[in-house]
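Peer 1: Here's my sequence, what's the structure:
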Amino acid sequence: MIQERNMRKILFFQWNAFMQKGIERAFTYLGMEYDTFYYIFKDWDKDDDFKEKFKKRLQSGKEEYEYVFSVNFSPLISEVCNDLQVKYVSWIYDCPLHIRNKEPMKYSCNTIFFFDRIEAENYRNKGVNAYHLPLAGDTVAFTEKYKYVDMNMMHNEEKGIYTGFTETDMCDVSLVGKLYHSDYAYLLRPLDQYCRGYLEGMVEAQRNVYGGCFIGDCLSDSFIERINASYLSATNGEFKILREELEYAVGTEITGRERYMVLALLQNRCNVSLFSSDKDERLQKVVQPGYVDYYTQMPQVFKKSRINLNISLKLIQSGVPLRVFDVLASGGFLMTNFQPEIVEMFVPGEELVVYENMQDLVEKSIWYLEHDEERKRIASNGYEKVKNTYTFENCISHMFAKLH
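Peer 2: Numbering: from 1, shown residues only. Coordinates of the predicted model:
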């Protein structure tokens with residue numbers, strides 16, 4: 001057991017991140033002592049006020065911390081830990097990482113766990129101490145702790161925040177997540193016909209491929225130079241784009257188009273709801289109540305929807321995103337796009353359903369809406385798999401076993 005190793009205390013850095021409640025509960029269950037340090041970065045890459053406060057905390061002398069831990073990787077935390085020779089452990093649920101300064105990732109103090117195996121391999125090849133570790137589902141918070149949450153709250157139209165189903169509400173198909181209104185269209189404007197055509201061809205090709213992302217491979221140095229010449233000319237030398245920025249814009253554009261297409265195809269066939277801070281007036285038959293709170297409202301949506309959709313961000317190459325675990329941990333029925341790791345971890349048709357393309361998604365949605373017992377059986381199996389296998393206790397135990 002971890003507690004038998006006499007491991008010194010952990011300083012758990014917290015921000016407005018998912019998974020933190022499950023991780024805290026896992027620390028307690030595994031007998032791992034920890035303190036928390038809460039802070040919201042002004043800038044994830046530069047914040048001198050944070051570095052000063054965090055350094056003082058680690059040097060306070062009141063506690064001797066063996067590890068600093070965080071959800072997602074912070075260059076600033078890594079810089080402080082590197083200076084003070086404290087081990088820094090992070091668990092990534094974003095793909096790609098939304099940081100500009102990636103040099104601190106190579107510091108020897110770091111151990112970084114990625115949910116995407118290919119992402120972990122890519123960083124390891126760049127000299128980062130990177131490991132692959134799938135994410136987890138919080139069945140305690142999503143189904144046990146909030147079993148008796150009041151379901152009779154109303155939707156706040158003014159704030160655009162969804163506050164709950166009524167007891168009799170049941171949605172056919174739900175999507176919780178962004179529509180990804182990207183900067184792609186804006187980025188196309190200054191480009192010549194060839195560059196526009198090249199990017200559009202890449203968008204359409206990648207849109208039809210699941211379980212692999214080749215966007216970055218298509219963005220050669222010469223192409224980046226060519227489009228930057230157009231941007232510099234159009235902005236009097238004030239704007240140019242990095243490869244990673246263009247890759248993200250293209251990836252979010254593809255994901256946004258796919259999510260829109262799915263909702264558009266289903267809205268005339270069944271009752272569809274989109275729970276998001278984004279809205280799209282073109283989806284006239286889709287109910288768009290607004291944003292849902294992660295812990296108190298989102299599990300209700302998953303439980304009270306006959307079908308929950310996961311449409312992964314195209315930039316995720318092989319891994320299983322957090323949304324999959326969220327739905328299953330809530331006891332919801334999940335239909336998801338193919339990812340290489342999802343068929344390694346779950347049994348399609350038994351614990352969740354995988355769609356191959358848009359036509360397959362529509363056909364399977366209609367079929368499962370007409371077969372309640374089969375849908376409920378699969379949802380129950382998926383919940384049990386997460387509850388028994390992909391728990392925070394299991395993941396944290398496996399994570400820290402790697403460090404000794």
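Peer 1: Which residues does the biggest helix by length in the chain contact?
Peer 2: Identified as the longest helix of the chain according to DSSP state H is helix 243-266. Outside helix 243-266, the residues that touch it by Cβ atoms under 8 Å, 6 or more residues apart in numbering are 96, 173, 175, 177-185, 187, 199, 202-203, 206-207, 213, 215-216, 219, 224, 227, 272, 274, 280, 282-283, 286, 309, 311-315, 358, 361-362, 365. All C-beta atoms are positioned from the backbone trio N, CA, C, and that covers glycine.
Peer 1: Which ones among those residues lie within strands?
Peer 2: Using DSSP state E, the members of the contacts of helix 243-266 that fall in strands are 173, 175, 272, 274, 309.
Peer 1: where's the residue of the chain most remote from its centre relative to residue 185, distance?
Peer 2: In the chain, counting by Cα atoms, centre = their mean, residue 236 sits farthest out from the average C-alpha position, at 36.8 Å. Using Cβ to Cβ, to the nearest Å, one gets 22 Å for the distance from residue 236 to residue 185.
Peer 1: The stretch 151-300 of the chain: helices as residue ranges?
Peer 2: 184-188, 193-207, 215-218, 221-234, 243-266, 298-303 (DSSP state H, counting those that start in this stretch).
Peer 1: which parts of the fifth one are buried?
Peer 2: Read it as helix 243-266. Within helix 243-266, the residues scored as buried using 16 or more other Cβ atoms under 10 Å are 246-260, 262-264, 266.
Peer 1: phi, psi of residue 340?
Peer 2: phi -50, psi -40 (degrees, to the nearest 10).
Peer 1: Quick check: it touching residue 316?
Peer 2: No: using Cβ atoms under 8 Å as the test, residue 340 is too far from residue 316 to be in contact (10.3 Å).
Peer 1: Now for residue 48, how many residues are close by?
Peer 2: Neighbours of residue 48 under the rule other Cβ atoms under 10 Å: 10.
Peer 1: should've said residue 135
Peer 2: Neighbours around residue 135, by other Cβ under 10 Å: 24.
Peer 1: Confirm it sits in a helix?
Peer 2: No: Residue 135 is assigned coil when assessed by DSSP: H, G, I helix; E, B strand; the rest coil, not a helix.
Peer 1: re earlier: and the helices of the stretch 151-300 of the chain: which comes nearest residue 119?
Peer 2: When the helices of the stretch 151-300 of the chain are compared by Cβ to Cβ, helix 215-218 sits nearest residue 119, at 11.4 Å.
Peer 1: Return the distance of the closest one from the chain's centre.
Peer 2: Chain-centre distance of helix 215-218: 21 Å, with Cα atoms, centre = their mean, to the nearest Å.
Peer 1: which regions of this structure lie under the pLDDT threshold?
Peer 2: Residue ranges of the chain with pLDDT under 70: 1-6, 61-63, 144-169.
Peer 1: quick one, which of residue 340 and residue 316 is more surrounded?
Peer 2: Of the pair residue 340 and residue 316, residue 316 is the one with more neighbours under other Cβ under 10 Å, namely 24 against 16.
Peer 1: Verify the contact between that one and residue 95 for me.
Peer 2: Yes: with contact defined as Cβ under 8 Å, residue 316 reaches residue 95; the gap is 4.7 Å.
Peer 1: shared neighbours, the two?
Peer 2: residue 116.
Peer 1: Same list (the helices of the stretch 151-300 of the chain) but as JSON lines, adding distance to residue 47.
Peer 2: Formatted as JSON lines, the helices of the stretch 151-300 of the chain follow (distance: least, Cβ to Cβ, whole Å):
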{"stretch": "helix 184-188", "distance to residue 47": "28"}
{"stretch": "helix 193-207", "distance to residue 47": "34"}
{"stretch": "helix 215-218", "distance to residue 47": "29"}
{"stretch": "helix 221-234", "distance to residue 47": "29"}
{"stretch": "helix 243-266", "distance to residue 47": "21"}
{"stretch": "helix 298-303", "distance to residue 47": "29"}
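Peer 1: Of these, give the one that comes closest to residue 379.
Peer 2: Nearest of these (Cβ to Cβ): helix 298-303, 9.1 Å.
Peer 1: what packs against the closest one?
Peer 2: Helices and strands touching helix 298-303, by 3 or more Cβ pairs under 8 Å, 6 or more residues apart in numbering; DSSP states H and E, are strand 171-176, strand 272-275, helix 322-329.
Peer 1: How far away from the center of its chain is it?
Peer 2: 17 Å.
Peer 1: okay, it in CSV with CA atoms only?
Peer 2: C-alpha atoms of helix 298-303 as CSV (Å, rounded to 0.1, in the frame of the first residue of the first chain):
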residue,chain,number,x,y,z
MET,A,298,-24.2,17.6,-15.6
PRO,A,299,-24.7,14.2,-14.0
GLN,A,300,-28.5,14.8,-14.1
VAL,A,301,-28.3,15.5,-17.8
PHE,A,302,-26.4,12.3,-18.5
LYS,A,303,-28.8,10.2,-16.3
